[in-house]
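Peer 1: Whatever this is, show me its structure:
(one chain, ligands or ions: 1)
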Amino acid sequence: MLFLFKHLFASLALAITVLLAPSRVESAPASSLDGLDHQARSILARATPAAPHFVVYSDQWTGTTGPPATSQVKGWNVFVLSFLLLEGAWDQAQSWTQLSASQRSTIKSQYAAAGIKLMVSAFGSTDVPTSSGADPVATANTMAAWVKQYQLDGIDVDYEDFNAFDAGNGKAEQWLITFTQQLRAQLPAGQFIITHAPVAPWFAPSKWGGGGYLKVHQTVGNLIDWYNVQFYNQQDYTTCNSLLNTSGSQWPKSALFQIVASGVPASKIVIGKPATTADASDGFIAPATLAGCISQAKSQGWSGGVMSWEFPDASSSWIQTVRGSAFPV
Ligand SMILES: *[C@@H]1O[C@H](CO)[C@@H](O)[C@H](O)[C@H]1NC(C)=O
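Peer 2: Numbering: from 1, shown residues only. Model (predicted):
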């Protein structure tokens, strides 16, 4: 994800809103899980959903504290509060912490009733965890504790330490591997979701001295529920063919089915795209056109899902258009 929202303004605006906001979420409708007994409810609430995943990131300040009403995100089934940084929660992740515990619990059950998982995303383009010397075990422990404290369904690892990857010495891959192992030890499979959000070129074989994301996948892919692959900001992936079948010569073999051919299950690859041209430097495909690519990919045996950066540009109508007739809402 390229842009972090202006932190200071967001924090100030948030503080003011929290002070002034009426308790708008207190009179929420009852959850549809309410009729079930405690055990059934907790199993349903914990289960990791099967593909397709329709994942939307929310970092930008939207004028209200906390996530939007579920009616505004119909068509998505994972809403990702962004970002949890090495120094703590920022932007929409911070906004979540500024709600009261009872407001969070009400919103969380509304999302559960609507079939939408609530997650947090770590790092984004702000942090460079390997280059800055962060300890992967301690960082995983801190972040996993945060996920539990704030009762989210899981964590997305949006690691964008490009210098560490480019160094080609394996340190980036090893950092991700250790971090993922420790996260999973703290956030057990089936109870919590762990996703990663690599840029597509990181799956290119024989481009990365340290083995790249194929190495990460071979080592800890069994601990990762799926990949929200960023097919943008890489000067490629702007046609169905370069997105699905054959990527350009700069990042060979990093199109969707080429990543599958390298050993990543198709069901684990979620196609990430910017919602508008303004949401990324490149890689945008208009929603109606993208719907055609999604439909083609489905007919070729893929059903991983779609991710977009970012809400509110990545709206309910955006995802309904992109799902189209392949994955009708
Ligand atoms: C991708 O490859 C498949 C299988 O060869 C083919 O049917 C499809 O038309 C190709 N898609 C594009 C956009 O070239």
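Peer 1: use CA for all of it now, contacts and neighbours both
Peer 2: Fine.
Peer 1: show me what contacts residue 182?
Peer 2: Counting by C-alpha atoms under 8 Å, 6 or more residues apart in numbering, residue 182 touches 136, 137, 140, 141.
Peer 1: Tell me the spacing between it and residue 175.
Peer 2: 11 Å (C-alpha to C-alpha, to the nearest Å).
Peer 1: The top helix by length along the chain: what's the following helix or strand?
Peer 2: Counting residues, the longest helix found in the chain (DSSP state H) is helix 171-186. For helix 171-186, the succeeding helix or strand toward the C-terminus, using DSSP states H and E, is strand 193-196.
Peer 1: Provide the contact partners of the following helix or strand past that following strand at residue level.
Peer 2: Toward the C-terminal end, the helix or strand that comes next after strand 193-196 (DSSP H and E) is helix 212-220. Residues outside helix 212-220 that contact it (C-alpha under 8 Å, 6+ apart) are 165, 170, 173-174, 176-177, 180-181, 198, 202-205, 262, 264.
Peer 1: Is whichever residue of the chain sits closest to the ligand in a helix, a strand, or coil?
Peer 2: Per C-alpha to the nearest ligand atom, residue 241 is where the chain lies closest to the ligand, at 3.7 Å. When classified by DSSP: H, G, I helix; E, B strand; the rest coil, residue 241 comes out as helix.
Peer 1: residues contacting it?
Peer 2: Counted by C-alpha under 8 Å, 6+ apart, residue 241 has contacts residue 247.
Peer 1: what does the protein have sitting close to the ligand?
Peer 2: 240, 241, 245 (C-alpha under 6 Å from any ligand atom).
Peer 1: Could you count how many residues lie near the last one?
Peer 2: The one in question is residue 245. 17 (other C-alpha atoms under 10 Å).
Peer 1: what does residue 290 give?
Peer 2: Residue 290 has 21 nearby residues by other C-alpha under 10 Å.
Peer 1: For it, which non-adjacent residue is spatially closest?
Peer 2: Closest residue to residue 290 apart from its sequence neighbours, by C-alpha to C-alpha, 6 or more residues apart in numbering: residue 322 at 6.0 Å.
Peer 1: and what of residue 293?
Peer 2: In space, residue 293 is closest to residue 240, 5.1 Å off (C-alpha to C-alpha, 6+ apart).
Peer 1: right, and that neighbour touches residue 295 too?
Peer 2: No - assessed by C-alpha atoms under 8 Å, residue 240 is found out of contact with residue 295, at 10.2 Å.
Peer 1: Next, count neighbours for residue 222.
Peer 2: 10.
Peer 1: Relative to residue 49, which of the contacts of helix 212-220 is nearest.
Peer 2: Checking these against residue 49 with C-alpha to C-alpha, the nearest one is residue 264 at 18.3 Å.
Peer 1: so is the closest one in a helix, a strand, or just coil?
Peer 2: coil.
Peer 1: quick revisit: I'd like the contacts of residue 182 as CSV, with secondary structure, neighbour count and pLDDT appended.
Peer 2: Shown next, in CSV, are those (DSSP: H, G, I helix; E, B strand; the rest coil; neighbours: other C-alpha atoms under 10 Å; pLDDT from 0 to 100):
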residue, secondary structure, neighbour count, pLDDT
136, helix, 21, 99
137, helix, 16, 99
140, helix, 21, 99
141, helix, 17, 98
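Peer 1: As a check, name the ranges of all helices in the stretch 51-200 of the chain.
Peer 2: Along the stretch 51-200 of the chain, counting by DSSP state H, counting those that start in this stretch, helices occupy 91-97, 101-113, 136-149, 162-167, 171-186.
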